[in-house]
Each structure stands twice: as C-alpha cells, then as structure tokens.
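**Q** would you be able to build a 3D model of this:
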Amino acid sequence: MRKALLWIIAVMTLANGAFMVLAAERWWASVPGVDETGAFNAHFVRDVGAAYVAAGLGLAWFAARPRERVAALVALTFLCLHALFHVLEFAEGHGGGGVTAVLAVIVPALIAALAVLWPQSRISATGDA
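**A** Numbering: from 1, shown residues only. Have a look, this model is predicted:
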C-alpha cells in the first residue's frame, strides 16, 4: 500500500510540475483558485514547477528504492513547506487557493509524509514494506 501511494503521489507531482514548467500560462488558467494567490508570473510558476518535478523524482526514487529515504525527505521538505504556506494563508484570511489547494497541495503532502515517515516493520528483499 505504501509503495502504491508513493508512486501515485510521485506521478501526480511530476505531472503537475511538468505542466507548470512546459505550459505555465495554461496551468495558471486551468487550476481553480490559483488566481487567489496573486498575479500570474510565468517565471514563478516555472520555478515552482521545477520544485514539483524535483519532489516527484525524489518520491519516485524512494518508491523504487525504499532503503534510500533521503531523496524522499528532500521531496517532503518542499511539499510540506508549500502546504504549510497555504495553511498559513488560510489562517491569515487569504484565499490560499481554496478547495483546490486543500485537495492538490495539502492532502498530497500529508499522504506523502505519512507514506515516507510512517515506521516500517521490515523491508523485504523486493523492497516492499
């Protein structure tokens, strides 16, 4: 189950990052609530997209090689800080991206954190936990 969750979050994260990098304006226009976070800035969207690509690669690396947790911890650093920034925006009364931010930023970060940080009883020879 952990491995499947990691792969799902990794692929979603990579796909989102690639979309942001390759089609920043289309990404901006297609994500509900993103305009609540400020004015469109192609460079910024691509920068965040690059971070998503890196995070997705880190989660995929850990999914493929569960003994190598460091890449996933680096990925979690971005994903969880990004989610925290949205939570802080909510707390300050700003939109923070609304429901989309909860479903596309906060929930995946929490699931990824649980999948990476939850104690493993053992790691089999195939790497399944």
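**Q** geometric centre of this structure: which residue is closest?
**A** For the chain, the residue nearest the mean C-alpha position is residue 79 (4.5 Å; CA atoms, centre = their mean).
**Q** show me the contacts for the closest residue to that one other than its chain neighbours.
**A** Computed as CB to CB, 6 or more residues apart in numbering, the closest residue to residue 79 that is not its neighbour in sequence is residue 109, at 4.2 Å. Heads up, the C-betas are built off the backbone N, CA and C, glycines and all. Applying CB atoms under 8 Å, 6 or more residues apart in numbering to residue 109 gives the contacts 76, 79, 80, 82, 83.
**Q** repeat that with 7 Å
**A** By CB atoms under 7 Å, 6 or more residues apart in numbering, the contact set of residue 109 is 79, 80, 82, 83.
**Q** list the buried residues of the worst-scoring helix or strand of the chain on mean pLDDT.
**A** Ranking every helix and strand in the chain by mean pLDDT, DSSP states H and E puts helix 98-101 at the bottom, with a mean of 85. Neighbour-count burial for helix 98-101, counted by 16 or more other CB atoms under 10 Å, picks out 100, 101.
**Q** other residues contacting that helix?
**A** With CB under 7 Å, 6+ apart, helix 98-101 has contacts from 31, 32, 33, 34, 36, 86.
**Q** if we use 6 Å, what do you get?
**A** Helix 98-101 is touched from outside by 32, 33, 86, with contacts defined as CB atoms under 6 Å, 6 or more residues apart in numbering.
**Q** ok, now stretch 56-75?
**A** 3, 6, 7, 9, 10, 13, 14, 17, 55, 116, 123, 127.
**Q** one more pass at 8 Å, please.
**A** Residues from elsewhere that reach stretch 56-75, judged by CB under 8 Å, 6+ apart: 3, 6-7, 9-17, 54-55, 112, 116, 120, 123, 127-129.
**Q** tell me the buried residues within those.
**A** 3, 6, 9-10, 12-14, 16-17, 54-55, 112, 116, 129.
**Q** tell me the least confident of the residues you listed?
**A** Lowest pLDDT of those: residue 129, 50.
**Q** no further queries at this time; thank you.
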